[in-house]
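Trainee: Sequence first, then the predicted structure, then my questions.
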Amino acid sequence: MRTTFISIAVIAALSMSACTADQIYGMGQGWQRNQCTKLPDKTEVDRCMDRADGSYDSYKRQAEAERRN
């Protein structure tokens, strides 16, 4: 239920503003970092934070490379 509410709130916010893809990615990364802090194991938190700290440009390059394969 909470995830649904968050998803609806994000979609509503995005539809009312002219966010760039980079801004949307940043919001998602912030949400992911918040979720990382809820993990019980420190090693998992660190791994999760490493994934959440990736830049939008890095994400974009990786996504383009995966599409080519």
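Mentor: Perfect, I can see it now.

Trainee: ok, which stretches of the protein are helices?
Mentor: Along the chain, the segments classed as helices by DSSP state H run 2-16, 21-36, 42-52, 56-68.

Trainee: Of those helices, which shows the lowest average pLDDT?
Mentor: Note on the helices of the chain: lowest mean pLDDT is at helix 2-16, with a mean of 69.

Trainee: one step back: reformat the helices of the chain as TSV; add mean neighbour count.
Mentor: For glycine as for every other residue, the C-beta is placed from the backbone atoms N, C-alpha and C. As requested, the helices of the chain are arranged in TSV below (neighbours: other Cβ atoms under 10 Å):
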stretch	mean neighbour count
helix 2-16	10
helix 21-36	14
helix 42-52	12
helix 56-68	10
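
Trainee: residues in contact with residue 39?
Mentor: The contact partners of residue 39, taken as Cβ atoms under 8 Å, 6 or more residues apart in numbering, are 45, 48.

Trainee: 10 Å - rerun?
Mentor: Each residue near residue 39 by Cβ atoms under 10 Å, 6 or more residues apart in numbering is listed here: 45-49.

Trainee: what's the answer for residue 47, then?
Mentor: Neighbours of residue 47 in contact, by Cβ under 10 Å, 6+ apart: 36, 39, 41.

Trainee: ok, the closest residue to residue 26 other than its chain neighbours to residue 9 distance?
Mentor: Closest residue to residue 26 in three dimensions, ignoring its sequence neighbours and counting by Cβ to Cβ, 6 or more residues apart in numbering: residue 56, at 7.1 Å. Spatial separation of residue 56 from residue 9 under the definition Cβ to Cβ, to the nearest Å is 21 Å.

Trainee: Residue 55 too?
Mentor: Plainly put, residue 55 is 25 Å away from residue 9 if you go by Cβ to Cβ.

Trainee: This completes my enquiry, with thanks.
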